[in-house]
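J.: I would like the atomic coordinates for the input below:
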Amino acid sequence: MNRISVFLFGLLLFSSCAALQPADRQATVKAPTKEEKEIVAFAKRYKGARYKYGASGPKKFDCSGFTSYVYRHFDVELPHQSGMQEKAGKKISRQEARAGDLVFFRKSKGGKVFHVALIVSNDRNGLVVIHATSSRGVVVDNIDQNSYWKNKYMTFRRVR
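T.: Numbering: from 1, shown residues only. The predicted model follows:
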C-alpha cells in the first residue's frame with residue numbers, strides 16, 4: 001500500500017510540472033514602445049504583398065528583402081540575405097524578444113539560416129511575426145501555433 005501512495009504522489013508531482021511551460025517559451029509581457037509600434041505598423045502596410053525570390057519591395061518581397069525594406073524606412077541598413085542579417089545588431093533571448101526584433105529560422109540546430117521574420121508580439125499568447133513566405137506572401141503568423149514554423153526558430157536579434 002505504501003508503494004502505491006508513493007507512486008501516486010510521484011505521478012501527481014510529475015503531471016503538475018509537465019503543465020508548466022519551458023522557460024524559453026515564456027515571455028515577459030511589456031507594452032511596446034512608440035518606436036516598436038511604428039515598426040510593426042509600417043510592416044503591416046505590406047500584408048498581402050506577393051512573394052518573389054530576391055525581391056525587396058514594395059510590391060513583392062522575399063523574407064530578407066522584407067525585413068531589410070522595413071528597417072531601411074527607419075534608417076537601419078540590413079543586408080538582403082537572412083544569414084547576414086543574423087549577424088547584425090545584438091543577439092537576444094526569446095524572453096527578451098519584443099515587437100520589431102528579428103527571429104531567424106533553421107531546419108536543424110546546426111543548419112544554415114533559411115528564413116527571417118519580424119516580431120509583432122511575444123507574450124503569453126505566443127510569438128507572433130510578420131514575414132514574407134514563399135507560399136502566401138507577406139502574412140502574420142503565430143509561430144507557436146504553426147506546426148511548420150514552431151520548431152524551426154533558433155535565434156533572435158535586436159537591430160535598432
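J.: quick one: buried residues of the strand ranked longest in the chain?
T.: Using DSSP state E to assign secondary structure, the strand with the most residues in the chain is strand 113-123. For strand 113-123, a neighbour-count test (16 or more other Cβ atoms under 10 Å) marks V113, H115, V116, A117, L118, I119, V120, S121, N122 as buried. From N, CA and C alone the C-beta is placed, and that goes for glycine too.
J.: same check on stretch 147-155?
T.: By 16+ other Cβ under 10 Å, the buried positions in stretch 147-155 come out as W149, K152, Y153, M154, T155.
J.: go on, stretch 63-71?
T.: Buried positions in stretch 63-71, judged by neighbour count with 16+ other Cβ under 10 Å: C63, S64, G65, F66, T67, S68, Y69, V70, Y71.
J.: list the helices and strands the one helix or strand the last one maps to packs on?
T.: It refers to Y71. For Y71, the host element (DSSP states H and E) is helix 63-73. Where contact means 3 or more Cβ pairs under 8 Å, 6 or more residues apart in numbering; DSSP states H and E, helix 63-73 is packed against helix 34-44, helix 82-85, strand 113-123, strand 126-133.
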